[in-house]
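Engineer: sharing a model prediction with you, sequence too.
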Amino acid sequence: MLLCLLFVPAAVQAKPEGERHEVQHHGYIFEKWVRDTFFDHYEAPSYTQEWDVAKSANKEYGGLPVSIKTTKYGSSVDLGDTLRQFTINENFMIIIGYWRQEGPRKRIVNIVAATVTPALWQSLWIPITLQDVQALDAVVKNRAATPAQARADAHKIKSQPPFTRALMTVNPKIDNKHQRRLQCSLRFDLVFSRLAPKADPTPQEKPQLFGIAPPDPFLSAPRSFGGSKATAKE
């Protein structure tokens, strides 16, 4: 059974202050607001913890572990490590905050809170298998290949079945330095049609999460990309 509500933006993992880039600070602001307001100021013991909020800290909203995400309105939501996401096999709550850039500030314009069952989650991956994910992950992390070769190899695999037939999108992240990750994302329309079919996908003037409005618009410049970084992406 899905629990869907329209509300505020979601966030990223709670990394130490010094490890967050300024343009990503909005995600931390939203995540902290969610944790402080609804989960009794919960603090994960490590930013690499499996969930943003442990099930033991969710005392009023179903007792489920919670994943908190933030993304630009209309964009796909980044979900994290593909292997980790593929192997989720328990009910969980996902809270996604969607923002719009308004001058120098970002404003939350929609929030989705949905309870996701293993069956629903797994349906997004069909027909991808665990072996498919492991094989692609190995290609992405193959340090014997140059970044350019690894990007080419990964792109070739993800551009063919079974990856092209699944609703979930895999995103190889390979730059010219040290980054070698295989992440995944879900399109905006699929969030609303699959995870939260009863939720209103339109921007909200006054979005709320569980009846409470999110923080005011926060100072956060648009993200820019430059330099010599190269990434295999959608």
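Structural biologist: That came through, no problem. Numbers count the residues shown, from 1 in each chain.

Engineer: so which helix or strand of the protein has the lowest pLDDT on average?
Structural biologist: Using mean pLDDT, DSSP states H and E, the weakest-scoring helix or strand in the chain turns out to be strand 5-6, at a mean of 36.

Engineer: could you pull out the buried residues of the following helix or strand past it?
Structural biologist: Heading C-terminal from strand 5-6, the first helix or strand you meet, by DSSP states H and E, is helix 25-38. Buried residues in helix 25-38, counted by 16 or more other Cβ atoms under 10 Å: 25-35, 38. (Each C-beta comes from the backbone N, C-alpha and C, glycine too.)

Engineer: can you lay out these as a markdown table showing distance to residue 122?
Structural biologist: Rendered in a markdown table, the data for these read as follows (distance: Cβ to Cβ, whole Å):
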| residue | distance to residue 122 |
| --- | --- |
| 25 | 34 |
| 26 | 31 |
| 27 | 27 |
| 28 | 30 |
| 29 | 32 |
| 30 | 28 |
| 31 | 26 |
| 32 | 31 |
| 33 | 31 |
| 34 | 26 |
| 35 | 28 |
| 38 | 27 |
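
Engineer: nearest to residue 138, of the residues you listed?
Structural biologist: Taking Cβ to Cβ as the measure, residue 138 lies nearest residue 27 of those, at 29.5 Å.

Engineer: pLDDT below threshold where in the chain?
Structural biologist: Low-confidence regions of the chain, defined here as pLDDT under 70, cover residues 1-26, 218-234.
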